[in-house]
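K.L.:
Kindly generate the corresponding structure for this input.
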Amino acid sequence: MSAEHNRRGPIVCLQRGLRSLRANWELIPVLVVQSVLTTGLMLAGFFILLTAVGVSIVARVRDLGTAWPRQLAEELAASLETAPPALISLVAPLIAATLVWTLAFGLYCYLQAGVVGLLAEAEAAAGAGLPGWRSFRSFSVAAFDLRGRRLFWPYFWFNHLLGAVVLCWMLLALGLVALAVGLATGPDVSAGVAVGCVGLVPLGLLLLAIALWSMLATVEVARPGGGVWAASRRALATLRRRLGAVLVIWLLVLAGWMAWGAALAPLRWGAAIAAGDRMVVWLGARGALMLAEVLGYGVMAVVLVATLAALVGRPPAGETGAG
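P.N.:
The predicted model follows:
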């Protein structure tokens, strides 16, 4: 049987991903903790900077209603216009905020390494075909900590690489906008509009390719066989060979993401109506809904990583692709 027929199809990969989710369900609360802690630390860094420019977060939020983000932004703008702080006074808060953000990034890399490393190990140990979900069991606190520490630096540098790739895309997008605006302000407005509209297509396709590559590379980093550059090259090779399968998996998980968000949408509206101007009620309802959102998205994330691990893993000869 040819190697082409030995590759798993997206449906088989998804089935294996769902069984890995069932076997390692403890990773869902880990992802919730990752989301809560990293988001909290990022906000803490911003609050440090806001306090440095004269905005008292604790004092102001207590008196604000449900429209507090807009009111806080208006207060910040007014404070900067009337009495901008001296640059020297911002040095210490900026250093403190940077340290908090660095802690958030390090925590994110550690938890990401533990989650993806365990799912990749579970896929490698499960065997061929469609074994029972117990064959995918690999979670333990000690194993998670081991993978997190061992893969911390690969994911640390991979996330930097991903940030650099996204930054390059943003520079291309900014260059396209500048070119389109420059042409539109000239004698021929239609030229600027045409350049902007035509350039959006390759930019959008490039962004989609970056997203698909980053998903595959995230799994490849956890597999043996080289460092970040080798994993990135393997992810590109897999994307070229299995573009259709990767797109199907991504669309299926995206559909699940959208369905979960749509299911929670009526609850958001109901909570906003019931809360009215009562800040405590609004915060409690919003917090409960955010927890439900993060739990659902954690399920989708585990399924996506486990499914892609099944896709990039090479099944033994004789296993028939399907789907």
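K.L.:
State the distance from L103 to V30.
P.N.:
According to C-beta to C-beta, to the nearest Å, L103 stands 18 Å off from V30. All C-beta atoms are positioned from the backbone trio N, CA, C, and that covers glycine.
K.L.:
With neighbour numbers in mind, choose between these two.
P.N.:
Counted by other C-beta atoms under 10 Å, L103 and V30 do not tie: V30 has more neighbours, with 20 against 15.
K.L.:
list the contacts for W260?
P.N.:
Listed by C-beta atoms under 8 Å, 6 or more residues apart in numbering, the contact set of W260 reads E293, G296, Y297, M300.
K.L.:
Distance check, W101 against I95.
P.N.:
For W101, the distance to I95 - C-beta to C-beta - is 11 Å.
K.L.:
Which of the two has more residues huddled nearby?
P.N.:
Set W101 next to I95 and count neighbours by other C-beta under 10 Å: W101 wins out with 17 against 11.
K.L.:
residues contacting the nearest residue to the more buried one once chain neighbours are set aside?
P.N.:
Distances taken as C-beta to C-beta, 6 or more residues apart in numbering place G45 nearest to W101, at 4.7 Å, with adjacent residues excluded. By C-beta under 8 Å, 6+ apart, the contact list for G45 reads A96, A97, T98, V100, W101, A104.
K.L.:
One more pass at 7 Å, please.
P.N.:
Neighbour list for G45: A97, V100, W101 [criterion: C-beta atoms under 7 Å, 6 or more residues apart in numbering].
K.L.:
Likewise for S214?
P.N.:
S214 touches L162, counting by C-beta under 7 Å, 6+ apart.
K.L.:
and it, which of the three is it?
P.N.:
Assigned with DSSP: H, G, I helix; E, B strand; the rest coil, S214 falls in the helix class.
K.L.:
for whichever helix or strand V294 is part of, packing partners?
P.N.:
Using DSSP states H and E, V294 falls within helix 279-312. Using 3 or more C-beta pairs under 7 Å, 6 or more residues apart in numbering; DSSP states H and E as the contact test, the elements touching helix 279-312 are helix 10-23, helix 27-52, helix 91-126, helix 189-221, helix 243-275.
K.L.:
Show me what counts as buried in it.
P.N.:
279, 282, 285, 289, 294, 296-312 (16 or more other C-beta atoms under 10 Å).
K.L.:
Next, find the distance separating the closest residue to V246 other than its chain neighbours from L236.
P.N.:
In space, and not counting its chain neighbours, V246 is closest to L212: 5.4 Å by C-beta to C-beta, 6+ apart. According to C-beta to C-beta, L212 and L236 sit 10 Å apart.
K.L.:
where does G9 fall, phi/psi-wise?
P.N.:
phi -80, psi 170 (degrees, to the nearest 10).
K.L.:
per-residue pLDDT, it?
P.N.:
The model reports G9 with a pLDDT of 88.
K.L.:
Could you measure from it over to L118?
P.N.:
24 Å.
K.L.:
Look at those two and report which has more neighbours.
P.N.:
Neighbours were counted for G9 and for L118 using other C-beta under 10 Å; L118 has more, 27 against 17.
K.L.:
so who does that one touch?
P.N.:
L118 sits in contact with N24, L27, S138, F139, A143, F144, R147, where contact means C-beta under 7 Å, 6+ apart.
K.L.:
Using TSV, lay out these together with pLDDT, neighbour count and distance to A255.
P.N.:
Output for the contacts of L118, formatted as TSV (pLDDT from 0 to 100; neighbours: other C-beta atoms under 10 Å; distance: C-beta to C-beta, whole Å):
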residue	pLDDT	neighbour count	distance to A255
N24	95	24	23
L27	94	28	22
S138	91	22	27
F139	92	19	27
A143	93	15	32
F144	95	22	29
R147	93	22	30
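K.L.:
so who does L304 touch?
P.N.:
Counting by C-beta under 7 Å, 6+ apart, L304 has contacts M215, V253.
K.L.:
My guess is V228 contacts L161. True?
P.N.:
Yes - look at V228 against L161 with C-beta atoms under 7 Å: they come within range, at 6.0 Å.
K.L.:
Going by how many neighbours each has, rank those two and give me the top one.
P.N.:
More crowded of V228 and L161, by other C-beta under 10 Å: V228, with 20 against 16.
K.L.:
per-residue confidence at that one?
P.N.:
For V228, the model assigns a pLDDT of 92.
K.L.:
Understood, closing this out.
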